[in-house]
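[1] here is a sequence with its predicted model. Questions after.
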Amino acid sequence: MSLVRLNIKGISYSQTQNGAYALILNEVDGDRKLPIVIGAFEAQSIAIALEKEIRPPRPLTHDLFKNFADRFDIIVKQVIIHKLVDGVFYSSLICERDKIEEIIDARTSDAIALALRFQAPIFTYKNILDKAGIYLKVNPKKDEEEEQDSILVDDLVAEEIETSAIEQEGFKEKSLEELNALLEEAVHNEDYERAAKIRDEISKR
C-alpha cells in the first residue's frame, strides 16, 4: 500500500462533540483533507508546537517525552496513521536508537504532537485517505454525502476564524507594550489559547 504525506492544515473547535477539537490534515500532493477529532489537551499541545513563539514555563507531557528522547538519543523518524476502525484512527511512531528501528503504537493526537516536536513527517495510507478524506471546499460535481462532509469542515474553520476575530477585538485598543505584557502573563498562567490570540494581534502590528 502506498503512503501519502500529510501536513497540518489547522485546528478547529468541533461542532459535533463538546470539548473536542477537529485536527485538519492536508494531503501534500492533493486537495483532500483528513479531519480527526482530538481532545482539548492534545489540541493545546499541538497548537503550542505550531506556535514557535509561545514557550510554556514548564514542559508539557509531549515536551517531556521529547526531552527524554533527546537525552537517550531516541529519534522519531516519522508517524504513520495506519488504520481506521469505527471512526477511530490508529497511528505508529517509527523510532530509531543506535541505528535500530522500533515501531511504537500511539494515539493519533499524541503521535502528531510528537511529530511536530521532532519535525518528523506524517503519513497515512492511500486507502485510508480514500475512505475518510474529504474536500474542504464544496465541489458540485461530488456526490451529496461528500458535499455534506465538506460543508461541515468549512463550518468548523469558519467558526474558528469568527471566534478568534471576536475575542481579538479587545486587544486592538492596547499598545504594543501592553500586548507584550499580556502575552507574558498569559504564558506564565499557561493560558496558551489567549497567548496565541495576543501573539496574532502583535504580529498584525
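    Structure's in. What do you need? Residues are numbered from 1 along each chain as shown.
[2] does Asn26 really touch Asn7, like I thought?
    Yes - taking contacts as CB atoms under 8 Å, Asn26 lies within contact range of Asn7: 4.9 Å. For glycine as for every other residue, the C-beta is placed from the backbone atoms N, C-alpha and C.
[3] okay, these two: which has more neighbours?
    Asn26 (17 against 11; other CB atoms under 10 Å).
[4] quick one: contacts for that one?
    Leu6, Asn7, Ile8, Lys9, Arg32, Lys33, Leu34 (CB atoms under 8 Å, 6 or more residues apart in numbering).
[5] mind checking which of the residues you listed land in strands?
    Leu6, Asn7, Ile8, Lys9, Arg32, Lys33, Leu34 (DSSP state E).
[6] can I get the buried part of these as one ChimeraX selection?
    In ChimeraX, a selection of the buried entries from the ones in strands among the contacts of Asn26 looks like this (16 or more other CB atoms under 10 Å):
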select :6,8,9,32,33,34
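[7] which two from the ones in strands among the contacts of Asn26 end up farthest apart in space?
    Spatial extent of these (CB to CB) is set by the pair Ile8 and Arg32 at 14.3 Å.
[8] ok, back up a step: which among the contacts of Asn26 gets closest to Phe118?
    The closest of the contacts of Asn26, once distances to Phe118 are taken by CB to CB, is Ile8, at 13.9 Å.
[9] redo the contacts of Asn26 as a markdown table? Include pLDDT and distance to Glu53.
    Shown next, in a markdown table, are the contacts of Asn26 (pLDDT from 0 to 100; distance: CB to CB, whole Å):
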| residue | pLDDT | distance to Glu53 |
| --- | --- | --- |
| Leu6 | 97 | 24 |
| Asn7 | 95 | 20 |
| Ile8 | 94 | 17 |
| Lys9 | 90 | 20 |
| Arg32 | 91 | 30 |
| Lys33 | 90 | 26 |
| Leu34 | 91 | 27 |
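[10] pick the one among those residues closest to Thr61.
    Nearest member of those to Thr61, counting by CB to CB, is Ile8, at 18.8 Å.
[11] that closest one - nearest residue in space that isn't next to it in sequence?
    Leu25 (6.1 Å; CB to CB, 6 or more residues apart in numbering).
[12] secondary structure element for the one you found?
    Using DSSP states H and E, Leu25 sits within strand 20-27.
[13] just checking: what are the partner strands of that strand?
    Note on strand 20-27: by DSSP bridges, its sheet partners are strand 3-13 (antiparallel), strand 32-39 (antiparallel).
[14] neighbours of the residue nearest to Lys66 when sequence neighbours are not counted, just the number please.
    Nearest in space to Lys66, with sequence neighbours left out and distances taken as CB to CB, 6+ apart, is Arg117 at 4.4 Å. Applying other CB under 10 Å, we find 21 residues neighbouring Arg117.
[15] who are the contact partners of Phe123?
    Leu3, Val4, Arg5, Leu6, Gln78, Val79, Ile80, Ile81.
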